[in-house]
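A.B. asks: dropping a prediction and its sequence here:
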Amino acid sequence: MSHRVVVTGMGAVTPIGNSVEEFFQSVKDGKTGIEAINSFNTEAYAVKLAATVKNFDPKQYMDAKEARRMDRFSQFAIAATKEAIEDSGIDLETIESERFGVIVGSGIGGIDSIEKEAKTLIDKGPRRVNPLFIPMIITNMAAGNIAIKYGAKGICSNVVTACATGNNSIGEAYRNIKHGYADVILAGGTESSITPLSMAGFSALTALSTSTDPARASIPFDKERDGFVMGEGSGVLVLEEYEHAVKRGAKIYAEVVGYGATCDAYHITSPAPDGDGAARAMMLAMKEAEVEPKDISYINAHGTSTPVNDKLETLAVKKAFGDLAYKVPISSTKSMIGHLLGAAGAVEAVACIKAIENNYIPATIGLKVPDEECDLDYVPGEGRQQKLSYVMSNSLGFGGHNATVIFKNMEV
């Protein structure tokens, strides 16, 4: 038996707001969260900008002892989850805990703790390394900490598919509920990797923008784009079986109706040059959702602002949508929040669902210089008021991972 899956709660910690409402209001305002890095000295770095989370105090979401036992990526996840659960209005005392799960991933995990403890090892020796070092760094601990805090005894899993992590997590949670393995799953992603080693590594890959102008650094689909801007944060959705949600009188934001997951099987960092993998993910998601390209009202693109990604994602959309590719609005919210790696798809899912709720298509705010290889409708500069029926969200990750999720307006 197949079950319907709906979104009944959302939480977000982002570079432009530490709640869903603050985040989406900033999206509508076209606000950028990109600024000079001030958490470490960037004098020797070619990269000077990042999209950091501002004014985040973990003690607003957990006690000081809990916070000390977690890397920042786990703290973000707990914060986003707390908001999502409160938003959903779900009574955790009355639901079946064995059918309550968590699928929250991270692409990198506790790299901040890795760097700090490596320095401790070198400077002070092995006996001074934090006893909780390992539980702080492993990527599954965001999901583990959430499950422990909220008593989720069902599936507890951690998807790690680089920049596709958030979408894959939501998609896998959707499938678990759809096929009857759970009633409620907390799904999403989290990341905190604006650190000296991480930034040096991504910079060495020539993946990051070297612009010093926050307004011209993350510029998806713009001809002058030169790389992505590192972001951080977390997004978590409460996914719930439809009848379960209706029975408790939950507010339903949207329905998850399609999920496509593929691999390019081509290169460790570059998308396939024909865009085939990403196109297949979109087509698989539409097939499961039982929709056609003409039914998609808006695409939230992966849109990283790297020269290769944006060109090949454009090609992939053309493969999946044919001539209708020129008629569907597409935008990248990474123009405002940078690239949150494993959290990207999760925060972008929040943006998609809020777009449905507000009848609003977010803009690609930095896009000013047209690129002949990126010739679709990327909603440059300003967002649009428009009724949305089906919204598609794309995420593409290093290693060739492609993940697409489709959300449906409940009024359709």
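C.D. replies: Received it, and whenever you're ready, just let me know what you need. Residues are numbered from 1 along each chain as shown.
A.B. asks: dump the residue contacts of residue 225.
C.D. replies: 209, 219, 305, 306, 307, 310 (CB atoms under 8 Å, 6 or more residues apart in numbering). The way it works is simple: take the backbone N, C-alpha and C, and place the C-beta from them, glycine included.
A.B. asks: quick one: which helix or strand includes it?
C.D. replies: Per DSSP states H and E, residue 225 falls between elements, in no helix or strand.
A.B. asks: for it, phi and psi?
C.D. replies: When read as degrees, to the nearest 10, the backbone of residue 225 gives phi -60, psi 140.
A.B. asks: what is the end-to-end distance of stretch 175-189?
C.D. replies: 17 Å (CA to CA, to the nearest Å).
A.B. asks: so where do the helices sit in the chain?
C.D. replies: Counting by DSSP state H, the chain has helices at residues 20-29, 64-68, 72-88, 111-124, 133-137, 141-150, 165-178, 196-204, 242-247, 276-289, 307-321, 334-337, 344-358.
A.B. asks: so which bits of the last one are buried?
C.D. replies: By 16 or more other CB atoms under 10 Å, the buried positions in helix 344-358 come out as 344-356, 358.
A.B. asks: mean confidence score for it?
C.D. replies: Taken as a whole, helix 344-358 carries a mean pLDDT of 98.
A.B. asks: state the distance from residue 113 to residue 189.
C.D. replies: To residue 189, residue 113 is 18 Å away according to CB to CB, to the nearest Å.
A.B. asks: those two: who's more crowded?
C.D. replies: residue 189 (41 against 23; other CB atoms under 10 Å).
A.B. asks: do you know the pLDDT at that one?
C.D. replies: Residue 189 is given a pLDDT of 98.
A.B. asks: that one: what's it in contact with?
C.D. replies: Residue 189 neighbours (CB under 8 Å, 6+ apart): 104-107, 159, 165-166, 169, 234-235, 340, 342-347.
A.B. asks: got a quick ChimeraX command for the buried subset of these?
C.D. replies: Command for ChimeraX that selects the buried part of the contacts of residue 189, burial taken from 16+ other CB under 10 Å:
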select :104,105,106,107,159,165,166,169,234,235,340,342,343,344,345,346,347
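A.B. asks: which regions of the stretch 51-200 of the chain sit below the pLDDT cut-off?
C.D. replies: By pLDDT under 70, the stretch 51-200 of the chain has no low-scoring segment.
A.B. asks: neighbours of residue 63, how many?
C.D. replies: 9.
A.B. asks: repeat for residue 330
C.D. replies: So residue 330, with other CB under 10 Å, has 26 neighbours.
A.B. asks: next: residue 185.
C.D. replies: Residues near residue 185, counting by other CB under 10 Å: 31.
A.B. asks: can I assume it is in contact with residue 103?
C.D. replies: Yes. Assessed by CB atoms under 8 Å, residue 185 is found in contact with residue 103 at 5.8 Å.
A.B. asks: spit out the residues that contact these two alike.
C.D. replies: With CB under 8 Å, 6+ apart as the test, residue 185 and residue 103 both reach 155, 173, 176.
A.B. asks: wait, the second one touches residue 185, no?
C.D. replies: What that stands for is residue 173. Yes. Using CB under 8 Å, residue 173 makes contact with residue 185 at a distance of 4.0 Å.
A.B. asks: which neighbours do the two have in common?
C.D. replies: Common neighbours of residue 173 and residue 185 (CB under 8 Å, 6+ apart) are 101, 103, 239.
A.B. asks: make CSV from those residues and add distance to residue 364 and neighbour count to it.
C.D. replies: CSV is the format used below for the shared contacts of residue 173 and residue 185 (distance: CB to CB, whole Å; neighbours: other CB atoms under 10 Å):
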residue, distance to residue 364, neighbour count
101, 35, 25
103, 29, 28
239, 28, 29
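A.B. asks: closest to residue 365 among those residues?
C.D. replies: residue 239 (29.4 Å; CB to CB).
A.B. asks: distance of the closest one relative to residue 176?
C.D. replies: 9 Å.
A.B. asks: what do you get for residue 357?
C.D. replies: 25 Å.
A.B. asks: for residue 285, give me its contacts.
C.D. replies: 258, 259, 260, 392, 404, 405, 406.
A.B. asks: list the contacts for residue 409?
C.D. replies: Contacts of residue 409 by CB under 8 Å, 6+ apart are 254, 356, 387, 388, 389, 390, 391.
A.B. asks: can you report phi and psi for the nearest residue to the third one once chain neighbours are set aside?
C.D. replies: So that's residue 387. Nearest residue to residue 387, sequence neighbours excluded (CB to CB, 6 or more residues apart in numbering): residue 359, at 5.2 Å. Dihedral angles of residue 359 (phi, psi; degrees, to the nearest 10) stand at phi 50, psi 50.
A.B. asks: can you put the shared contacts of residue 185 and residue 103 in CSV and add distance to residue 61 and neighbour count?
C.D. replies: Below are the shared contacts of residue 185 and residue 103 laid out as CSV (distance: CB to CB, whole Å; neighbours: other CB under 10 Å):
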residue, distance to residue 61, neighbour count
155, 23, 20
173, 22, 30
176, 26, 22
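A.B. asks: now render those residues as CSV, adding distance to residue 134.
C.D. replies: Below are those laid out as CSV (distance: CB to CB, whole Å):
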residue, distance to residue 134
155, 23
173, 26
176, 28
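A.B. asks: out of those, who's nearest residue 367?
C.D. replies: So of those, ranked by how close each gets to residue 367 (CB to CB), first place is residue 173, at 32.2 Å.
A.B. asks: from residue 253, how far out is the closest one?
C.D. replies: Counting by CB to CB - residue 173 and residue 253 are separated by 15 Å.
A.B. asks: try residue 141
C.D. replies: 28 Å.
A.B. asks: which one's more surrounded, these two?
C.D. replies: residue 141 (25 against 22).
A.B. asks: wait, what's in contact with that one?
C.D. replies: Contacts of residue 141 by CB under 8 Å, 6+ apart are 70, 71, 74, 109, 110, 135.
A.B. asks: any chance of the residues you listed in TSV with distance to residue 249 and neighbour count as columns?
C.D. replies: Converted to TSV, the contacts of residue 141 look like this (distance: CB to CB, whole Å; neighbours: other CB under 10 Å):
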residue	distance to residue 249	neighbour count
70	34	22
71	37	26
74	32	33
109	38	26
110	39	27
135	38	18
